[in-house]
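S.K.: give the three-dimensional model of this entry:
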Amino acid sequence: MDKQQILDKLLSKDIGGIKLIVVKCSELPNIFKGDVFTVSTLGSILDDVSLASISYAFSNGFNVIAIVGHDNCSVFDIDKRPDPTNSIDRFIEKVKPSIYATNDREEALRYLLNSIADTIRIRLPNIGKAEREGKAFVVLLKVKGDEVVSVE
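M.R.: Numbering: from 1, shown residues only. Below is the predicted model of the structure:
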């Protein structure tokens, strides 16, 4: 199966034949049924544990990684919330480039998803290598509710 066929399947949510790793914001529902390994974090931001989870799934035959984002993600307004424990401040440091890259939320979301894809490719070089060899695919999805509205 080539990348375009995979993108078409993801757009239709018919993932038969795909072993899918979904990296998604914890605010989003699970929209795919079937052979799915899900990693959910606030804003889809990856830490060592989530990267280890992706690596585990990849080593067990899951070779399509869908990074899923949505335009009403709370991460884009996170610096406006009270933070009595200062844990949000530490999180903001990780997402600042995406939050403040532009005033256009659509563009900021694309920037965030691309930076997550780059993190996977760099921090998990076996996935980056497999992608270059056509043995794995990292794709970006935007959803509204439970509908996939764009893929790339």
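
S.K.: and the residue nearest to residue 114 when sequence neighbours are not counted, how far from residue 148?
M.R.: Distances taken as Cβ to Cβ, 6 or more residues apart in numbering put residue 140 closest to residue 114, at 7.0 Å, once the chain neighbours are dropped. To be clear about C-beta, it is placed using only N, CA and C from the backbone, and glycine gets the same treatment. Going from residue 140 to residue 148 by Cβ to Cβ, to the nearest Å gives 11 Å.

S.K.: bridged to the residue nearest the centre of the chain, which residues?
M.R.: Nearest to the geometric centre of the chain sits residue 67, at 2.3 Å (Cα atoms, centre = their mean). Beta-bridge pairing of residue 67 under DSSP bridges involves residue 23, residue 140.

S.K.: who's in contact with it?
M.R.: 23, 24, 44, 113, 116, 117, 120, 138, 139, 140, 141 (Cβ atoms under 8 Å, 6 or more residues apart in numbering).

S.K.: how near is it to residue 103?
M.R.: In terms of Cβ to Cβ, residue 67 sits 23 Å off from residue 103.
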